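Chemist: sequence plus the predicted model coming up.
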Amino acid sequence: MSPTRSWKDLEEETVFSVPFVSISRTHSVRDGDGRRARFYRLHFPDWANIFAITPEDEVVFVHQFRQGVMEYTLELPGGVMEPGEDPLEGARRELVEETGYTSDEWITLGSVYPNPAIQDNRCTTFIARNARRTHPTAFDTDEELEIETIPLAQVAERTLHGQVTNAVIVAGLARALAELGVLNQPR
């Protein structure tokens, strides 16, 4: 059953803005009963993540230092979309920048909202089949990545045992493994 009332913004103002994120305060009204409230919304660019599979059935991962938790996390390669960039084009760009891998066979797995309670962006996950390392990496200035390829048969187990801790990456892995039929195989 869907809710029958929704909120509409009456006014929105930016209260904080830095590269990659801004925060707005809204004055909103709820349909039906006219209740008014103030909310805060975080605006991030959309993201893309790539489940790149090599011809040897290995999945390309990156170990990346994350400032929020001050440690390296094991993740799929990916990143933010440039303004107006198509998610697939952004995914292709991010894959080659972060790993040097390219692919001519892409499957779109759809998008998720990383945190719809307070954020307005989407993260789209792609499968890149037959990915091969064809270019040098081109990390962003403050990016430090180490590439690790993991056999496809080990990805679910390593994720379930807590080696992948980024929730958006876990969601993308679940979709990719389901698409490939890996989650339906006996263990």
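Modeler: On my side now, so go ahead.
Chemist: domain-wise, how is this structure divided?
Modeler: Using automatic domain parsing, the domain parsing of the chain gives 7-43, 47-184.
Chemist: just those: most buried one?
Modeler: Mean neighbours per residue, mean count of other C-beta atoms under 10 Å, is largest over those for domain 47-184, with a mean of 17. C-betas here are computed from N, CA, C, even on glycine.
Chemist: quick one: mean pLDDT for it?
Modeler: The average of the pLDDT scores along domain 47-184 is 96.
Chemist: now the strands for the protein?
Modeler: In the chain, the strands defined using DSSP state E lie at 7-18, 21-30, 36-43, 47-52, 58-66, 71-75, 78-80, 101-102, 105-112, 123-129, 132-133, 145-151.
Chemist: which residues does the nearest residue to Asp140 once chain neighbours are set aside contact?
Modeler: Leaving out its chain neighbours, the residue that sits closest to Asp140 by C-beta to C-beta, 6 or more residues apart in numbering is Glu97, at 7.7 Å. Shown in contact with Glu97 (C-beta atoms under 8 Å, 6 or more residues apart in numbering): 79, 137-140.
Chemist: distance to Trp106 added to those residues, as TSV?
Modeler: Shown next, in TSV, are the contacts of Glu97 (distance: C-beta to C-beta, whole Å):
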residue	distance to Trp106
Gly79	16
Thr137	20
Ala138	20
Phe139	22
Asp140	23
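Chemist: tell me the one of these nearest Ala178?
Modeler: Nearest to Ala178 among these: Gly79, at 23.5 Å, using C-beta to C-beta.
Chemist: how close does the spatially closest residue to that closest one that is not a sequence neighbour sit to Asp140?
Modeler: Nearest residue to Gly79, sequence neighbours excluded (C-beta to C-beta, 6+ apart): Glu94, at 4.3 Å. Distance, Glu94 to Asp140, by C-beta to C-beta, to the nearest Å: 10 Å.
Chemist: then Gly32?
Modeler: For Gly32, the distance to Asp140 - C-beta to C-beta - is 46 Å.
Chemist: repeat for Lys8
Modeler: With C-beta to C-beta as the criterion, Lys8 and Asp140 are 38 Å apart.
Chemist: cool, Trp106 as well?
Modeler: Trp106 is 23 Å from Asp140, where distance means C-beta to C-beta.
Chemist: again, but for Asp31
Modeler: 43 Å.
Chemist: residues in contact with Thr108?
Modeler: Contact analysis of Thr108 by C-beta under 8 Å, 6+ apart lists 87-88, 124, 126.
Chemist: between those residues, which is closest to Tyr101?
Modeler: Of the contacts of Thr108, the one sitting nearest to Tyr101 (C-beta to C-beta) turns out to be Phe126, at 12.4 Å.
Chemist: who does that closest one bridge with?
Modeler: Beta-bridge pairing of Phe126 under DSSP bridges involves Ile50, Thr108.
Chemist: that one against Gly110, yeah?
Modeler: No: judged on C-beta atoms under 8 Å, Phe126 makes no contact with Gly110 at a distance of 9.7 Å.
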